[in-house]
Each structure stands twice: as structure tokens, then as C-alpha cells.
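Trainee: starting from these lines, generate the structure:
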Amino acid sequence: MRKQKRNMETFNLSFLDVVCCGFGAVILLLVITKIYEPITIEKSKEELQSLVTKLAQELEVIRGDSVTMNRRLTEITEQISENNDKNNKLQGDLSIIQGEFNSTKSMSDEQLTDRDSLFLLKQQLTDIQVRLQTEIDASNSRAVGIPIDSEYIIFVIDNSGSMVNNVWGDLKLSMVQILDAFPKDQLKGLQVISCNGDYLFPTFANQWIVDTDKTRSNIIQALNNWVPPCDSNPVDGINLAVTEFAKSNKIAIWILGDDLLQDARPQYCGRSDSAECIRAIVSKYNKLDAKGEPMIRVHGKAFRHGNYVGNPDGFFNMLRVVANENYGAVVVESN
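Mentor: Okay, here's the model as predicted:
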């Protein structure tokens, strides 16, 4: 019976120890919490104060940016208003200029119509001149009334495609007729060059070919295969003829073609117009002999056909002027 009582007292003492330890732990936790609470609150206050200060500074920056943006917006608005005023003024000026342009265009159209009429009239007058010249040359292909006092003949020939394809047979026949018009014992030499200055017989370059029946036949035969073609501008050929062959000889230059390319060689004459350049070249070298007769006669034959779109009237007018100034004649052959 005594053993049981002692055991119950031991259990009761241990339980009280456990309870006391638990209460002690709780009290210790409460004490620790109370010690650190003021420190945590103070730190939180400092952080909040720092955040408030930072936000206040950012607010000032935003306010400054807002003022700047408002000022810039005002400037842009004023610039837009100014640009609108300028645009309105330019629109008004454009309307005025457009009105002036329309008025000028109307006047230009009227002037263009007048110019077209003048050009058409000029074409008609040229055609009349050609017809009159053709009627005068009744044979239509023979050299009638042409001086034959020259001792040498140079043919400057347009061997372009329009000539070869349309009137080449007529050209060869014309050359035969021109040569036959001269007495055989009178002609001392012949030469044939293209309008670009290429020799028909390169082996006889810069020298005369003796006039014989065989020479004439060879010339006509060689014309069948003459290359290269020229560009329908006889400036080069005429310059070669007068500079190389008109030194002390009485020569006749025959210009045969159907077109005139307006592309002068300024190195020869310093001019841009082909016809004026030809006139200048020939007049520079053409002198009168002791009898008062010209050393150079310039003749021409214009071949007219309907298969080209060049400048046939310009070629004919060039021939007419140059022949008139250099004691020659012009023949027109219509195909």
C-alpha cells in the first residue's frame, strides 16, 4: 500500500515541472516580442518616410515634364496654325499661277497653230520650187544646161540605205549621163567618194583616176557593192574633195543624194548647221582663175522618192544655195 502512494506523488511532481516550463517559455516569448517591436516600427517609419520623399521628388519631376510638354504643345499648335496660313497662301498663289498657265497655254496653242500653218505653207512652196525645177529639167534625168568646162570630176555620193534601196539604178544612170556630157579628151581625172569621205577605190585615195572607158565601167560596176554606207551628211565628203583635189585644178563636184542630216562637223567650219558648213568649206577654197572663172563648180542632183522620212527639202535647198554660190546647177529626179 505504501509503494502505490509514493508513485502517485512522483507523477504529480513531474507534471507540475512540465507545466511550469511551458508557462516559462510563453513568458519568454512575450518578453522577446515586446523588446523588438519598437525597433521594427521605427524602421518601418523610416522606410515609409524615404518612400514618401522619393515619390515627392518624382512628382516634382513629372510636374516639370508636364510644364515642358504643355509649352511644346503650345508651340506645335502655333506652328500648325502658321503652316495652315502658309498653305492657304500657297493655295492662292497656285490658283493664280494655274490661271496664268492656262492663259499662256491657250496663247501657245494659238501660236503653235500659226507655226504649223507657216510650216505647211513652207512645205507647199518648197514642193512648188521642186516641181518648177523638174519642169525646167524636162528630161527629168539628163544634165541639161550644165557647164562642162571642168577638167576633173568628183562625185560625192550618198550611199545610205534609202538611196541604195530606192534609186541606186537611177543614180548609176545619172553618173553615166553626166560623164557622157563631157568630151573624153577634156576630162583628165575622176574620183568617187561617199558623203562620209570613204573612197570607192581606196587604192586611189588622194589621187586622180585617169578617165577611160574602162574606168567608167569599173566605177559603175563597183557601185553595186560599195560599203560602208554613209549617214546622209556630205560635209565630210565635200571637205575631202576641196582640201585634197582643188589645189590647182578646175574641178566639178557633183553631190548626189536624197537627204540631209543636220549634224555638221564643227571641226571643219565651226558651225552646227550642215548646209552652212558646206557653204563655208567650199567658199574657203573656191577661187577665180586668171580668166575670172571659178576653180570649183558645185553641181547637185536630188533624188526624190516616197520611201523615206528624212529631210529631202533640206537637201534640195542646200544644193540650190551651194550650186548658186559656186557657179553650178541643180537637177531634180523624181521617182
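Trainee: what about Thr68, is that helix, strand or coil?
Mentor: Here Thr68 is recorded as helix under DSSP: H, G, I helix; E, B strand; the rest coil.
Trainee: now do Asp65 against Val26, distance only.
Mentor: 57 Å (CB to CB, to the nearest Å). For glycine as for every other residue, the C-beta is placed from the backbone atoms N, C-alpha and C.
Trainee: brain fart, Ser272
Mentor: Ser272 sits 122 Å away from Val26, taking CB to CB as the criterion.
Trainee: what do you get for Asp180?
Mentor: 154 Å.
Trainee: now swap in Glu82 and tell me
Mentor: Taking CB to CB, one finds Glu82 at 82 Å from Val26.
Trainee: quick one: low-confidence parts of this protein?
Mentor: 1-15, 31, 33-42, 104-145, 264, 308-309, 335 (pLDDT under 70).
Trainee: residue closest to the middle of this protein?
Mentor: Per CA atoms, centre = their mean, the C-alpha nearest to the average position across the chain is that of Asp263, at 16.7 Å.
Trainee: tell me who's in contact with that one.
Mentor: By CB atoms under 8 Å, 6 or more residues apart in numbering, Asp263 lies in contact with Asp231, Asn233, Ser274.
Trainee: columns distance to Ala323 and secondary structure on top of those, output as JSON lines?
Mentor: Below are those laid out as JSON lines (distance: CB to CB, whole Å; DSSP: H, G, I helix; E, B strand; the rest coil):
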{"residue": "Asp231", "distance to Ala323": "22", "secondary structure": "coil"}
{"residue": "Asn233", "distance to Ala323": "18", "secondary structure": "coil"}
{"residue": "Ser274", "distance to Ala323": "15", "secondary structure": "helix"}
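Trainee: may I see these arranged in TSV, with neighbour count and distance to Thr243 as well?
Mentor: Formatted as TSV, the contacts of Asp263 follow (neighbours: other CB atoms under 10 Å; distance: CB to CB, whole Å):
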residue	neighbour count	distance to Thr243
Asp231	16	20
Asn233	24	17
Ser274	23	17
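Trainee: for Leu94, state which of the residues you listed is nearest.
Mentor: Ser274 (45.0 Å; CB to CB).
Trainee: quick check: that closest one touching Leu261?
Mentor: Yes: in this structure, Ser274 is within contact of Leu261 by CB atoms under 8 Å, at 6.6 Å.
Trainee: got any residues that touch both of these two?
Mentor: Contacts common to Ser274 and Leu261, judged by CB under 8 Å, 6+ apart, are Asn233.
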